[in-house]
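A.B. asks: next one to model:
(chains A and B)
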Amino acid sequence: MATTAALSRPAPRETTLAERILQDRNVLGILFMLPAAAFLFLFLTYPLGLGVYLGFTDTRIGRAGVWVGFENYESLWGDSVFWLSVFNTFLYTFVASILKFMLGLWLALLLNEHLPFKALIRAIVLLPWVVPTVLSAIAFWWIFDAQFSIVTWSLQKLGLVQGSINWLGDPQIARASVIAANVWRGIPFVAITLLAGLQTIPPSLHEAATLDGATSWQRFWHITLPMLSPIIAVVMTFSVLFTFTDFQLIYVLTRGGPLNATHLMATLSFQRAIPGGQLGEGAAIAVAMVPFLLGAIMFSYFGLQRRRWQQGGQD
Amino acid sequence: MAAVEIRDVRKSFGATPIIHGVSIDIRDGEFVILVGPSGCGKSTLLRMIAGLENVTGGEIRIADRVVNNMPPKERDIAMVFQNYALYPHMTVADNMAFSMKLRGAPQAEIETRVSKAAGILGLTQLLDRFPRQLSGGQRQRVAMGRAIVRDPQVFLFDEPLSNLDAKLRVAMRTEIKELHQRLKTTTVYVTHDQIEAMTMADKIVVMHDGIVEQMGSPLDLYDRPDNVFVAGFIGSPSMNFITGRVENGAFVTGDGIRLPLGGAPAAAEGRPVIYGLRPEHVSLDDNGVPVEVVVIEPTGSETQVVVKLGAQELVTVFRERIGVQPGAQIRISPNPALVHLFDEATGKRLVA
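C.D. replies: Numbering: from 1, shown residues only, chains lettered A, B, ... in the order given. Just a heads-up that it's a prediction; the model follows:
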C-alpha cells in the first residue's frame, strides 16, 4: 500500500536556479518594469541629461565641445538679451495666465447655464485647443499682418483708427499681440476643465445658499469659488507650465522680434542653439528655465494638497 | 410662525402638467407631512413653497402674503435638503451662521444664536468640524441647526431622513418631532415613507399623480381612507384587496367564498366592489373561513402569515405566536366592523 501510494504520486521535480530566480517577486517586478523604464530613459532622461551636459560645454553644430564648467552661465549673466527674454517670459506667462483664468472662468460659468445648443457650443469652444498651434499661429499672423490685418480694417471702418497698426512690428503692440494669440489658444483648456469642476458642485448647495439669502454674486463668492479652488489650482499650474515653455506661437508670429521684444527663453534658446549654432549656450538657456519650472511645480504641489475641508475622517 | 395657504396650485414643466390643482391649508404651528409615491409631485410642491420652482397657476400664501413671485430669501422660510446641502468648505459653526452673516447681523448675536441652536441639537462639541468629518446623523442635525438659527416662519423638510440607516431614522424621527413640539414652528415635511408620516404628522396630505388623494390626521386616514389608493398606501403591511360582489349583506369573492360585512351600505348590494381588509384586523377563529398557510414570518412581537384564500394571497398579522407549518389549514375571520368597502369602478369608499 505504502509503496503504491508513493509511486502514484509524481516525485517533486528539481527546480533549476533560473526558474527560482524567475519566480522571485522582486526579480519579476523589475523585469516587468524594464520596458517602461527603457522608454523613459531613452526619451526623457537621456535628452534631458544631454541638454544639461551640453550647457556645461562649448559645443557648436558640427564640432564636439569641451567641458567649460559654468562659463555659459557666466556669459548669460551679463547678457542683456537673455535678461530681456526672462522678463518677456514672465510678462507673457503672468498676463496670459491671468487673462486665461478670468476669461476661461467666465466662459465656463456661461456654459454651465442652460443654453440652447449647449453641446454644440461646447464643441466649438474646444476648437482653438484642437487646431494645431502652428496652423492657428499662421492664421493669427495674417490677422496681425501690417497691411492686410482684418482687425485694423474693422477699426478703420468703425472710424476708431486712421492709419494702419503695426501689430507685430512695434515692440509694445507685438507683446500684446502674441499674448492675445496665446490667450485665445489657452482659454478652451481652462474653460472646459473649470466647467467640469462646476458640474461637480451639487445644485442643492446653490439652492441652500439662495434660501439663506445669498445674491448671485454672494453665491459665486462663497460657494462656487471655494468649491472650485482645488480644480483652479490644477488648471492654472498646467496653464502656467504650458505658457512658460511656449515656443511655437512666438516662433511663427514674430521669431522673437521686433528688437527681441517678444523673445521668450524657449525661443531664445532655440535661436542661439540651432540657427546660431551655439548648442552649448542654447542648452544653458533652456536649463535656466528649470528653476522657474520647479517653482511652478512646487506651487502646484502645495496648491494641489487637499484642503482641510476635503479631508475625509470618520469618528 | 405663520399659516401657509395653498390655493389650487398648478405646475407644468414645459407642456407636461405635474401638479393639477392642489389646495392645502396649513395652520400656524402645524406639522404637515406630504406623502406619496415618487413622482407624485410632493417635492415639487415643497420647492414651490420654498420659491425654488415657479408657480404655474394658483396662489401660495405665507402669513397672509402671496409669495408666488417673491424670491426665496424674502419668504422667511428655511429648508432641510435630502442630501443636507451643507457647505463642505465651512465648519459646522460657519454653516449655521452663513445666513446671518449674509444679512450682516452683529457678531455677538450670531454667536448667541449659533450656540443656542447647537445646544438644542447637541452639536456644541462639533462646531469646529467640517461636514466631511461628521456622521450622517450629525450632518442631519447640522442641517436642522442651519434652519433653526434662521428662526423662520416655516420649516421645510425634503425627505430629510432617507439617507440615514433604519435605526438612526427612527431616532431622528423622534428628535424632529420633539424639536417641533419645542419650537412650535409651522413645518411642511415631504416623505415617501408612510410610517414617518403616521408617527410625526399633525396632518397628513396623501398625494398621487399631482393631486391630493386625502388630507387628515394620521388615524383618520388609517380608519377611514377615502379611496383604494390611500387605503393601500397608509398602513404597514398594506391592506389586502379582494374583488367580488355584495350579496344579501355579505361579501362574496370571485371564488364564491363568503366574507362577513358589518352593515353593508344598501347602495352596494349586487355591485362589483373591492373588499379592503387590513392584515391586523383578522383573527384566528374555529368558525372562520378556511385558508392555507403559505409563508410564516415571525417578528417576535407578532406573527405575519401569508395565507391563500381561494386563488388569492392575503397578508395577515396576529399578536399571538402560531405554531403551524406552510401548507397547513387554519381558519380565520375578519373583524366585520373594521372592513372597508370600495367601489370597484371608481375606487371610492362606499359609506355605510
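A.B. asks: quick one: secondary structure of residue 33?
C.D. replies: No chain was given, so I picked chain A. What DSSP: H, G, I helix; E, B strand; the rest coil gives for A:M33 is helix.
A.B. asks: not quite, I wanted chain B
C.D. replies: Classification of B:I33 using three-state DSSP returns strand.
A.B. asks: hmm, it is touching B:T199, no?
C.D. replies: No - counting by C-beta atoms under 8 Å, B:T199 is not a contact partner of B:I33; they are 9.6 Å apart. Just so you know, the C-beta spots here come from the backbone N, C-alpha and C atoms, and that holds for glycine as well.
A.B. asks: who has more neighbours, the two?
C.D. replies: Taking neighbours as other C-beta atoms under 10 Å in any protein chain shown, B:I33 and B:T199 compare with B:I33 leading, 25 against 14.
A.B. asks: what's the spacing between that one and B:I234?
C.D. replies: As judged by C-beta to C-beta, to the nearest Å, B:I33 and B:I234 stand 11 Å apart.
A.B. asks: mind listing the shared neighbours of those two?
C.D. replies: Common neighbours of B:I33 and B:I234 (criterion: C-beta atoms under 8 Å, 6 or more residues apart in numbering or on different chains): B:A197, B:I204.
A.B. asks: closest residue of the stretch 1-150 of chain A to chain B?
C.D. replies: A:H114 (12.7 Å; C-beta to the nearest C-beta).
A.B. asks: pLDDT wise, what is that residue at?
C.D. replies: For A:H114, the pLDDT comes out at 82.
A.B. asks: got a list of what A:V86 touches?
C.D. replies: For A:V86, the contacting residues are A:M265, A:A288, by C-beta under 8 Å, 6+ apart.
A.B. asks: residues of the helix or strand it falls within that come out buried?
C.D. replies: Assigned by DSSP states H and E, A:V86 belongs to helix A:80-111. Using 16 or more other C-beta atoms under 10 Å in any protein chain shown as the test for burial, helix A:80-111 gives A:82, A:84-86, A:88-89, A:92-93, A:95-97, A:99-101, A:103-105, A:107-109, A:111.
A.B. asks: what residues sit buried inside stretch A:141-148?
C.D. replies: Buried residues in stretch A:141-148, counted by 16+ other C-beta under 10 Å: A:W141, A:I143, A:F144.
A.B. asks: show me what contacts residue 224?
C.D. replies: Using chain A. Taking C-beta under 8 Å, 6+ apart as the definition, contacts of A:T224 comprise A:L109, A:L198, A:I201.
A.B. asks: try chain B instead
C.D. replies: By C-beta under 8 Å, 6+ apart, B:R224 lies in contact with B:R349.
A.B. asks: ditto for the one 10 residues further on
C.D. replies: Neighbouring residues of B:I234 by C-beta under 8 Å, 6+ apart: B:Q194, B:A197, B:M198, B:I204, B:V206, B:P218, B:L221, B:Y222, B:P225.
A.B. asks: ignoring the adjacent residues along the chain, who's closest to it?
C.D. replies: Leaving aside its sequence neighbours, B:I234 sits nearest to B:L221 (C-beta to C-beta, 6 or more residues apart in numbering or on different chains; 4.8 Å).
A.B. asks: in a helix, that neighbour, correct?
C.D. replies: Yes - assignment of B:L221 by three-state DSSP places it within a helix.
A.B. asks: helices of the stretch 1-150 of chain A, residue ranges please.
C.D. replies: A:2-8, A:17-22, A:25-40, A:46-55, A:71-77, A:80-111, A:118-130, A:133-143, A:150-157 (DSSP state H, counting those that start in this stretch).
A.B. asks: any idea how far the residue of the stretch 251-352 of chain B found nearest chain A lies from B:V317?
C.D. replies: The nearest approach of the stretch 251-352 of chain B to chain A comes at B:G300, 31.2 Å away (C-beta to the nearest C-beta). Going from B:G300 to B:V317 by C-beta to C-beta gives 13 Å.
A.B. asks: who's more crowded, these two?
C.D. replies: B:V317 (18 against 6).
A.B. asks: spell out the secondary structure type for that one.
C.D. replies: Applying three-state DSSP: B:V317 is strand.
A.B. asks: so who does residue 62 touch?
C.D. replies: Using chain A. Residues near A:G62 by C-beta under 8 Å, 6+ apart: A:G277.
A.B. asks: that was the other one, I meant chain B.
C.D. replies: Residues near B:I62 by C-beta under 8 Å, 6+ apart: B:A2, B:A3, B:V4, B:I49, B:R75, B:D76, B:I77, B:Q153, B:V154.
A.B. asks: do B:V9 as well
C.D. replies: Residues near B:V9 by C-beta under 8 Å, 6+ apart: B:I19, B:G21, B:V22, B:S23, B:L45, B:M48, B:V55, B:G57, B:G58, B:E59, B:I60.
A.B. asks: pLDDT weak spots in the chain?
C.D. replies: Answering for chain A, as no chain was given. Scanning chain A for pLDDT under 70 picks out A:1-13, A:303-315.
A.B. asks: wait, chain B
C.D. replies: B:1, B:264, B:266, B:352.
A.B. asks: tell me, what residue is most central in it?
C.D. replies: The residue lying closest to the centre of chain B (C-alpha atoms, centre = their mean) is B:A197, at 3.1 Å.
A.B. asks: wasn't that one part of a helix?
C.D. replies: Yes - the assignment for B:A197 (three-state DSSP) places it in a helix.
A.B. asks: which residues are in contact with stretch B:250-263?
C.D. replies: B:242-246, B:249, B:264, B:273, B:275, B:277, B:289, B:309-312, B:333-334, B:336-339, B:341, B:352.
A.B. asks: also within reach of chain A: list those from those residues.
C.D. replies: When C-beta under 8 Å from any C-beta of the partner chain is applied, no member of the contacts of stretch B:250-263 is adjacent to chain A.
A.B. asks: near chain A, which residues of the stretch 1-150 of chain B?
C.D. replies: Neighbours of chain A within the stretch 1-150 of chain B, by C-beta under 8 Å from any C-beta: B:50-52, B:71-73, B:77-79, B:81-83, B:85, B:87-90, B:98-99, B:102-103, B:130-135, B:146, B:150.
A.B. asks: try 7 Å
C.D. replies: Counting by C-beta under 7 Å from any C-beta of the partner chain, the stretch 1-150 of chain B comes close to chain A at B:50, B:52, B:72-73, B:77-79, B:81, B:83, B:85, B:87-89, B:98-99, B:102-103, B:130, B:132-133, B:135.
A.B. asks: relative to A:A283, how far out is the closest residue to A:T254 other than its chain neighbours?
C.D. replies: Leaving aside its sequence neighbours, A:T254 sits nearest to A:T262 (C-beta to C-beta, 6+ apart; 4.6 Å). Distance check for A:T262 against A:A283: by C-beta to C-beta, it reads 22 Å.
A.B. asks: could you do B:I33 as well?
C.D. replies: Taking C-beta to C-beta, one finds B:I33 at 75 Å from A:A283.
A.B. asks: end to end on stretch B:160-171, go ahead and measure it.
C.D. replies: Using C-alpha to C-alpha, to the nearest Å, the span of stretch B:160-171 from its first residue to its last is 13 Å.
A.B. asks: mind listing what's buried in that stretch?
C.D. replies: For stretch B:160-171, the neighbour count (16+ other C-beta under 10 Å) marks B:P160, B:L161, B:L164, B:L168, B:R169 as buried.
A.B. asks: do that stretch and chain A meet?
C.D. replies: No - figure legend: stretch B:160-171 not in contact with chain A (C-beta under 7 Å from any C-beta); closest approach 12.2 Å.
A.B. asks: now that stretch, how far from the centre of its chain.
C.D. replies: For stretch B:160-171, the gap between its own C-alpha mean and the chain's C-alpha mean amounts to 14 Å (C-alpha atoms, centre = their mean, to the nearest Å).
A.B. asks: closest to B:H281 among the contacts of B:I234?
C.D. replies: The closest of the contacts of B:I234 to B:H281 turns out to be B:Y222 (C-beta to C-beta; 11.1 Å).
A.B. asks: related to what we said a few turns ago, count the neighbours of the residue of the stretch 1-150 of chain A closest to chain B for me.
C.D. replies: A:H114: 5 surrounding residues under other C-beta under 10 Å.
A.B. asks: likewise for B:R245?
C.D. replies: 17.
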